[in-house]
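Enquirer: curious how this folds, go ahead:
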Amino acid sequence: MNFCIFVIMEKQKCLECSEPFVGRVDKKFCSDYCRNAHNNKVNKDSKNLIRNINNRLRKNWRILEELNPNGKCTVSKKKLDMNGFDFNYITEVYTTKVGKIYYFCYDQGYSALEKEMFMLVKKD
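Expert: A predicted model of the protein is given here:
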């Protein structure tokens, strides 16, 4: 026995451009362009926040890498400030067994010393 099944497709309206289209019942957009445009609008604010934070972290990482070419050195807070380093943006806090605190931007880190000096370190 052969059975023939006919599926009746209803015209739907695209969520982005409101143009009618034919497709699966659960289809929401007429094209990939409209789907991408809609999702970009929906996620715009959160993407901007994340992009800005990532840019700030990347800038901090570049500053630490530039000032610490050999993997370990000391620099003044003034030098970090002059390069535009922002102490509010880090990716990790590491505390040693003796209680010394290191702040990291990915694999580049720093720890406060006396008299507004910082030790810069690089993770292996």
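Enquirer: for this structure, which helix is longest?
Expert: Using DSSP state H, we find that the single longest helix of the chain is helix 44-67.
Enquirer: which helices and strands sit right next to it?
Expert: Of the remaining helices and strands, those touching helix 44-67 by 3 or more C-beta pairs under 8 Å, 6 or more residues apart in numbering; DSSP states H and E are helix 77-82, strand 101-105, strand 108-112. C-betas here are computed from N, CA, C, even on glycine.
Enquirer: distance between the first one and the chain's centre?
Expert: Taking C-alpha atoms, centre = their mean, to the nearest Å, the mean C-alpha location of helix 77-82 is offset from the chain mean by 25 Å.
Enquirer: in it, what counts as buried?
Expert: Of all the residues in helix 77-82, those buried under the rule 16 or more other C-beta atoms under 10 Å are Lys77, Leu80.
Enquirer: cool, stretch 113-124 as well?
Expert: Phe118, Met119, Leu120, Val121, Lys122.
Enquirer: now do stretch 12-27
Expert: Within stretch 12-27, judged by 16+ other C-beta under 10 Å, the buried ones are Gln12, Cys14, Glu16, Phe21.
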